[in-house]
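Participant: Got a sequence here, can you model it:
(one chain, ligands or ions: 2)
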Amino acid sequence: MPTVSPRPIILDVDTGVDDAWALVYALRSPALKVLGITTGYGNADVDTTTRNTLLLAELLGSEVPIYRGSAEPLFRAWSGPVPQIHGVNGLGDAPLPLVTRQTADSDAVQYIRDTIRANPGQVTLVTVARLTNVARALLYDPGLAAHIDRIICMGGAAFCPGNVTPTAEANIWGDPEAADLVFRSGIPLTMVGLDVTHQGRLYQRDLAQLDPALPYTELLRRATDFYIEAYIKEDPRNDGWCPLHDPLAVAVAEDPTLVRTERYPVRVEHTGVWTDGMTVVDARWGQTPTGVDVALDLDVDRFLALFRTRVGLL
Ligand code: BDR
Ligand code: CA
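Facilitator: Numbers count the residues shown, from 1 in each chain. Ligands and ions are numbered 1, 2, ... in the order given. All right, here's what the predicted structure looks like:
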C-alpha cells in the first residue's frame with residue numbers, strides 16, 4: 001500500500017473555543033503536518049488568543065512553533081472581543097492553568113512569508129480567523145501568492161445568513177479589506193463558510209464522551225458548555241449544540257471530499273452600507289473555470305466520525 005505523506009499546513013487562529021477544538025484536531029491528526037501556528041486578534045485580543053494557543057499546545061505536548069500575529073485589522077479599528085460568545089478569557093471563562101511555553105521569536109507575517117518561500121507550492125494555509133496575517137504577508141511579498149498551494153478559509157456565508165450581520169460572517173466582517181485582498185489574490189481557495197459549518201454540530205451530550213484521560217478534557221468541556229449556552233441564548237430553537245466552524249476547515253485540509261464545492265467568482269464587500277463584510281458569491285451565470293471553491297454541502301456523518309476520532313470522543 002503506498003503511504004500518503006501528511007499534508008503540510010500553517011494554521012492561523014484566534015483561539016477562541018472552536019479554534020481550541022481545531023488546534024486539538026490539527027495537532028492530533030496523523031494526516032496533517034502542522035509546520036507552525038500563527039495567531040491574531042478576533043475572538044479576543046491577540047495576547048489572549050496567543051496565550052490560549054500556547055496553552056492548548058502545551059496540554060497536547062506539542063512543540064510546534066507558535067507565532068504572535070496581528071493586533072488589529074489592516075485599515076480599520078478593531079471592533080473588540082466577543083466575551084458573550086467565547087468568554088472574557090476566550091475559553092469560556094474556564095479556569096486556566098499557567099502557561100510556560102513561549103512564542104517563537106519571529107512575527108507571524110514574517111513566518112508565513114519565509115515558510116512559503118522555503119517550500120514553494122507545498123504549503124496549505126488553514127485560516128480560521130481574520131485574514132489580516134495572510135493579507136499582510138501578501139502585501140509584504142506580492143510574489144508570494146504564486147507559491148501557496150491552497151488556502152482553506154473558515155469564513156463567509158454564500159447562500160445563508162451571516163452571523164454578525166444578516167449578510168456577513170465574523171472572520172470576513174472582522175477585516176473585510178484583508179479578506180478582499182486574499183480572495184482576489186488568485187491563490188486557490190476553498191471557502192468553508194456558514195453554509196457548511198452550521199451542518200457540523202457538537203452537542204452538549206457529546207462532551208460527556210470526551211476521553212477523561214486526555215489532558216484537555218476538563219478545559220474543553222467547560223469552555224464548550226459556555227459556548228453552547230451562548231448559542232442557545234442567541235437562538236431559543238437551538239436544542240443544545242454549537243457549530244464546529246474551525247475544526248471543519250481543518251478536517252477539509254485533511255480530507256477535501258468531506259465537502260461538495262462549486263467554483264464561483266467571489267468578491268468581499270467592504271464599502272457597502274448594508275453589506276459590509278459580505279462574501280458576494282456570483283452564481284448567476286453558473287460555475288466558472290476560475291474562482292473560489294465554495295463549500296455548499298457537508299458529508300455530516302463522515303465529518304463527525306473523523307472529528308470524534310481525532311479529538312478523542314469515545
Ligand atoms: C468564526 O468566527 C470566530 O468567532 C470563530 O472562532 C470562527 O472562526 C465563525 O464565524
Ligand atoms: Ca476562529
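
Participant: how about the residues of the protein that lie near ligand 2?
Facilitator: Asp14, Gly16, Asp19, Val128, Ala129, Asp246 (C-beta under 5 Å from the ion). Quick note: C-beta positions are derived from backbone N, CA and C, even for glycine.

Participant: can you pull out the strands in the stretch 201-314 of the chain?
Facilitator: In the stretch 201-314 of the chain, the strands defined using DSSP state E, counting those that start in this stretch lie at 201-203, 241-243, 259-264, 266-268, 279-281, 292-298.

Participant: could the ones you listed go into CSV alongside distance to ligand 1?
Facilitator: As requested, the strands of the stretch 201-314 of the chain are exported to CSV (distance: least, C-beta to the nearest ligand atom, whole Å):
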stretch, distance to ligand 1
strand 201-203, 13
strand 241-243, 8
strand 259-264, 16
strand 266-268, 14
strand 279-281, 12
strand 292-298, 14
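
Participant: And the ones you listed: which comes nearest Ile228?
Facilitator: Minimum separation from Ile228 across these (C-beta to C-beta) falls at strand 241-243, 4.7 Å.

Participant: Partner strands of that closest one, with direction?
Facilitator: strand 201-203 (antiparallel) (DSSP bridges).

Participant: Can you give me every residue that contacts the residue of the stretch 151-300 of the chain found nearest ligand 2?
Facilitator: Sorted by distance to ligand 2 under C-beta to the ion, the residues of the stretch 151-300 of the chain start with Asp246, at 4.8 Å. Counting by C-beta atoms under 8 Å, 6 or more residues apart in numbering, Asp246 touches Val13, Gly16, Asp18, Asp19, Trp21, Ala22, Val128, Met154.

Participant: Can you list the low-confidence ranges for the stretch 51-200 of the chain?
Facilitator: For the stretch 51-200 of the chain, no stretch has pLDDT under 70.

Participant: before we move on, which element is Arg113 in?
Facilitator: Per DSSP states H and E, Arg113 falls inside helix 108-118.

Participant: What residues sit buried inside that helix?
Facilitator: For helix 108-118, a neighbour-count test (16 or more other C-beta atoms under 10 Å) marks Ala108, Val109, Gln110, Tyr111, Ile112, Arg113, Thr115, Ile116 as buried.

Participant: Wait, the second one touches Arg68, no?
Facilitator: No - between Val109 and Arg68 there is no contact under C-beta atoms under 8 Å: 10.3 Å.

Participant: which parts of the stretch 51-200 of the chain sit against ligand 1?
Facilitator: Val128, Ala129, Met154, Asn163, Glu169, Ala170, Asn171 (C-beta under 6 Å from any ligand atom).

Participant: which non-adjacent residue is nearest the residue positioned nearest the centre of the chain?
Facilitator: Among the residues of the chain, Val128 comes closest to the average C-alpha position under C-alpha atoms, centre = their mean, at 1.5 Å. Counting by C-beta to C-beta, 6 or more residues apart in numbering, Val128 lies nearest to Asp246, which is 3.8 Å off, once chain neighbours are set aside.

Participant: Give me the number of neighbouring residues for the residue in the stretch 51-200 of the chain that ligand 1 sits nearest to.
Facilitator: Proximity of the stretch 51-200 of the chain to ligand 1 (C-beta to the nearest ligand atom) peaks at Ala170, 3.6 Å away. Using other C-beta atoms under 10 Å, Ala170 has 25 other residues around it.

Participant: what residues are up against it?
Facilitator: Counted by C-beta under 8 Å, 6+ apart, Ala170 has contacts Gly42, Val82, Gly155, Asn163, Val164.

Participant: possible to save those as JSON lines with distance to Arg76 and neighbour count?
Facilitator: Below are those laid out as JSON lines (distance: C-beta to C-beta, whole Å; neighbours: other C-beta atoms under 10 Å):
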{"residue": "Gly42", "distance to Arg76": "13", "neighbour count": "30"}
{"residue": "Val82", "distance to Arg76": "16", "neighbour count": "17"}
{"residue": "Gly155", "distance to Arg76": "16", "neighbour count": "31"}
{"residue": "Asn163", "distance to Arg76": "19", "neighbour count": "20"}
{"residue": "Val164", "distance to Arg76": "14", "neighbour count": "17"}
